[in-house]
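# Generate coordinates for the sequence data below:
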Amino acid sequence: MLIFVFMKKNTDSDQLTAHLQKLPLTLQPAIDYLRKIILSVDSEISEHIKWNSPAFYYSGAMKDFDPKTYKRDLIVLNLRNEKIMCVLPTGMNIKNNIEIFEGAYTDGRRIINFKDLADIKSKEEKLIALIKEWLECLEKP
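Got it, this is the predicted structure:
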């Protein structure tokens, strides 16, 4: 007798939630808050795990581009040593609201470091404005 078992495949958001639950408890409230901010800016921002890290990307229609240019990728969270590092692979495209950026890399990345939930809340308005500007820079059809 052959028995089929159908298992529900976890969505990208489910996988990201499971990943976050493995993080230190001290980071979880800050990451959850940051996640809600990013996803609330636009309904076409989605989340998944990329490079073994929580990542956010534009899921809407775009003109064709070389995937190695990472134009769809918004933020990848690097969560190590009780620090929240937000890597914006194409952050150099953003010209305004850059006070919260740290570092300038020749490959176009920009970084935002957050210490904790209070630091995220203090920079929330600038982060939202920065994400909105990033969305305006996208090459949509």
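# buried residues in stretch 74-91?
Judged by neighbour count using 16 or more other Cβ atoms under 10 Å, the buried positions of stretch 74-91 are 74-79, 84-91. Placement of C-beta: from N, CA and C, glycine included.
# same question, stretch 112-124
Across stretch 112-124, burial judged by 16+ other Cβ under 10 Å covers I112, F114, L117, I120, K123.
# Next one: S40 from P54, what distance?
Here the criterion is Cβ to Cβ, to the nearest Å. By it, S40 lies 16 Å from P54.
# What ranges does this protein have for its helices?
12-21, 28-41, 117-137 (DSSP state H).
# Can I get those in JSON lines including mean pLDDT?
Listed next are the helices of the chain as JSON lines, based on pLDDT from 0 to 100:
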{"stretch": "helix 12-21", "mean pLDDT": "81"}
{"stretch": "helix 28-41", "mean pLDDT": "94"}
{"stretch": "helix 117-137", "mean pLDDT": "94"}
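# possible to save those as CSV with distance to F65?
Shown next, in CSV, are the helices of the chain (distance: least, Cβ to Cβ, whole Å):
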stretch, distance to F65
helix 12-21, 21
helix 28-41, 21
helix 117-137, 12
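# List just the one of those helices that sits closest to N96.
Closest to N96 of those is helix 117-137 (Cβ to Cβ; 5.7 Å).
# could you say what helices and strands that closest one packs with?
When contacts are defined as 3 or more Cβ pairs under 8 Å, 6 or more residues apart in numbering; DSSP states H and E, helix 117-137 sits against helix 28-41, strand 110-114.
# For L20, find the nearest of the ones you listed.
It's helix 28-41; of those, that one is closest to L20 (Cβ to Cβ) at 5.6 Å.
# hang on, the earlier thing: right, and out of the buried residues of stretch 74-91, which lies closest to Q21?
Within the buried residues of stretch 74-91, the smallest distance to Q21 is 12.6 Å, found for L79 (Cβ to Cβ).
# returning to what we had before: for S40 and P54, indicate the residue with more neighbours.
P54 (25 against 11; other Cβ atoms under 10 Å).
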